[in-house]
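**Student:** 3D model of this:
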Amino acid sequence: MGHEGGGSLIGQMLVLLAAALVCVLVFRKLGLGATLGYLVAGAVVGPQVTGLAGGDGADMIGFAEFGIVLLLFIVGLELEPRRLWRLKSAIFGLGLAQVALCGLAMVAVIWLAAAFPLAAALAIGLPLGLSSTAQVLPMLQSSGRLRTPFGERAFSILLFQDLSIIPLITIVTALSVTGGEDTGPGGWVLAAQTVGAIGGLVLAGRFLLRPLFGLIGRLGEREMFVVAGLFTVVASAALMESIGLSTALGAFIAGVMLADTPYRHELEADIEPFRSILLGLFFLSVGMMLDLSAIAREPAFVIGMAAALVAVKTAVIFGLGMLLRMGWRAALALGLLLSQGGEFGFVLFTQAFTGGIIDAETNSLFGAIVTLSMATTPFLMMVTRRIRSGPGDTRTREGPQPDGASALIIGYGRFGQTVGQILTLAGIRISLIDRKVDQIDVADEFGTRVHYGDGLRMDVLRQAGAAEASLICFCIDGNQLSSEFLASVGDAFPDAAVMVRAFDRRSVMALSPPRYRFLVREVRESAIAMARAALDCVAVNESEIDTLEAKFRENDRQWLANQIAKGDLHADNGRSASAPPAITE
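**Tutor:** The predicted model follows:
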């Protein structure tokens, strides 16, 4: 029996993976995205069509939902607490407005158009105000827009939607007609438990997780990072689940608590493969559970309500974007991106059915409506690309890929161009990565191929072939690098020499201890070149110029070393009147 069961499981996984492989490749080739491919694959092998996979997806979706938890953990790793605090107005302002207005608008549509009782309209319409975190966040990540103002607004809305699960569960429970003797804690108790759980996660992150990862780092056991990372995610999710909250919210908070630690990039690189696989399984499960018979019985209602859901949410979010003085193209893009129903709708619909608010038929119908609305998002984003992007910006940009290059150049502005040209003259094969679309397009006009991607993400570096490169040159401007990130790069790609462009002395101090082979400040060498030319113009001989330059470099080296040692830009500031001017940048 054990053998037969194992064979059944292996066969089921073979069918699922084969269907996913074919459908995702086809839909990616058509420009429709992986999500729609997974949904279609699940529907095809599910019980409603061929039944090849066996089962209806319900037994798998609980496990696959862990992909959403891992997704929120990774997003949390990219949001240090300071940045999250900066987003508080968008989270509790824009997020609250979106959930409330979209939810109430859908309540009105259902109550008026479908003649549902008010209690049922509330139990169904309010959850429809939520969007799909599992669908939207990967789209933002793959397009490189998660860190942009547009991406931050979308993420703020999604994060508040996770928080809104608490009041929505309370509302659906209050509307229940099956009695309230076993409905769980009240709203105030839930709120107190939420604050306590978040506080507990914050304390655990500071006093337990950081020392734990520090110990693992000192032991040098890389696989233990994976174990500890998964333990962190599961423990935080379990804590939230124990009090009836969103497991993804717990994982997100755990990620934020580790966002400003030296282990952030290594954790992100280790967890990412699990996240991708499980999210794919989640959408496969959703596709398998799609009730095609419910659609066949009432196709006009399902299609019409899905269209109304997408249209209403797009209009409401577009209006909110315009109130925030976003450009109309960006506001439209935000509305379309968040126009679908979300995965938490399935949970709330089931709770409404259990509470006797809606019947099984209604539960199936609105589950199909949510799934159908999720399937429309890739189409809508594709067909409106020209409108949203404006004329002249309709091309797609290729992401990085391993092409046998010996050197990766991250950032192809003026600095990166010079480095790249000299390396090319030396016969070194280079691969260029930049996330500025305008810069990529200008380079393309001159016949230079620049890959689109965020070179400060470990998965992008791996995708670009960093494991086989001899040089990784970070030619980006500003203060975007950290010593911890460079340490992660060095650990992940030990055969590559890391070269760094720093902004000023403060940047160099922040990158201590050195985790690079070579570092140069942005304008230092060009300033030295001008100083040499100035000395030559006032008749200082070349030998004396060389001596003065060497003296400057040694003085500057000693001064910077002392500033780094003391952690103070003003170290050794007691200078004589005859001393050269201080260097503060």
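**Student:** helices of the stretch 1-150 of the chain, start to end?
**Tutor:** Taking DSSP state H, counting those that start in this stretch, the helices of the stretch 1-150 of the chain run over residues 2-29, 34-45, 58-64, 66-77, 81-86, 88-89, 95-113, 118-128, 133-142, 149-163.
**Student:** out of those helices, flag the one nearest residue 345.
**Tutor:** Proximity to residue 345, assessed across these by Cβ to Cβ, is greatest for helix 118-128 (4.4 Å). C-beta here means a position set from N, CA and C on the backbone, and glycine is covered the same way.
**Student:** output that closest one as PDB, nothing but the C-alphas.
**Tutor:** Presented in PDB, the C-alpha positions along helix 118-128 are these (Å, rounded to 0.1, in the frame of the first residue of the first chain):
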ATOM      1  CA  LEU A 118     -27.500  42.800   2.800                       C
ATOM      2  CA  ALA A 119     -25.700  40.400   5.100                       C
ATOM      3  CA  ALA A 120     -24.700  38.100   2.200                       C
ATOM      4  CA  ALA A 121     -23.700  41.200   0.100                       C
ATOM      5  CA  LEU A 122     -21.400  42.300   3.000                       C
ATOM      6  CA  ALA A 123     -19.900  38.900   3.500                       C
ATOM      7  CA  ILE A 124     -19.100  38.600  -0.200                       C
ATOM      8  CA  GLY A 125     -18.500  42.200  -1.300                       C
ATOM      9  CA  LEU A 126     -16.000  43.300   1.400                       C
ATOM     10  CA  PRO A 127     -13.600  40.400   0.700                       C
ATOM     11  CA  LEU A 128     -13.700  41.300  -3.000                       C
END
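**Student:** elements contacting it?
**Tutor:** The contact analysis (3 or more Cβ pairs under 8 Å, 6 or more residues apart in numbering; DSSP states H and E) places helix 118-128 against helix 95-113, helix 165-175, helix 344-354, helix 360-383.
**Student:** can you list the buried residues in the second one?
**Tutor:** Pointing back at helix 165-175 there. If you call a residue buried by 16 or more other Cβ atoms under 10 Å, then helix 165-175 has these buried ones: 165-166, 168-173, 175.
**Student:** ok, now the third one?
**Tutor:** Across helix 344-354, burial judged by 16+ other Cβ under 10 Å covers 344-349, 351-353.
**Student:** the helix or strand harbouring residue 197: what's the following helix or strand?
**Tutor:** Secondary structure assignment for residue 197, by DSSP states H and E: helix 187-204. Going down the chain from helix 187-204, the next helix or strand is helix 210-219, by DSSP H and E.
**Student:** what's next to that following helix, contact-wise?
**Tutor:** Outside of helix 210-219, the residues that reach it under the criterion Cβ atoms under 8 Å, 6 or more residues apart in numbering are 224-225, 228, 258, 261-263, 267.
**Student:** roughly how far does the residue lying closest to residue 241 once chain neighbours are set aside sit from residue 227?
**Tutor:** Of all residues not flanking residue 241 in the chain, residue 247 sits nearest, at 5.0 Å (Cβ to Cβ, 6 or more residues apart in numbering). Here the criterion is Cβ to Cβ, to the nearest Å. By it, residue 247 lies 19 Å from residue 227.
**Student:** how about residue 217?
**Tutor:** Counting by Cβ to Cβ, the gap between residue 217 and residue 227 amounts to 14 Å.
**Student:** repeat for residue 374
**Tutor:** Spatial separation of residue 374 from residue 227 under the definition Cβ to Cβ is 33 Å.
**Student:** neighbour count winner among the two?
**Tutor:** Taking other Cβ atoms under 10 Å, residue 374 and residue 227 do not tie; residue 374 has more neighbours (27 against 12).
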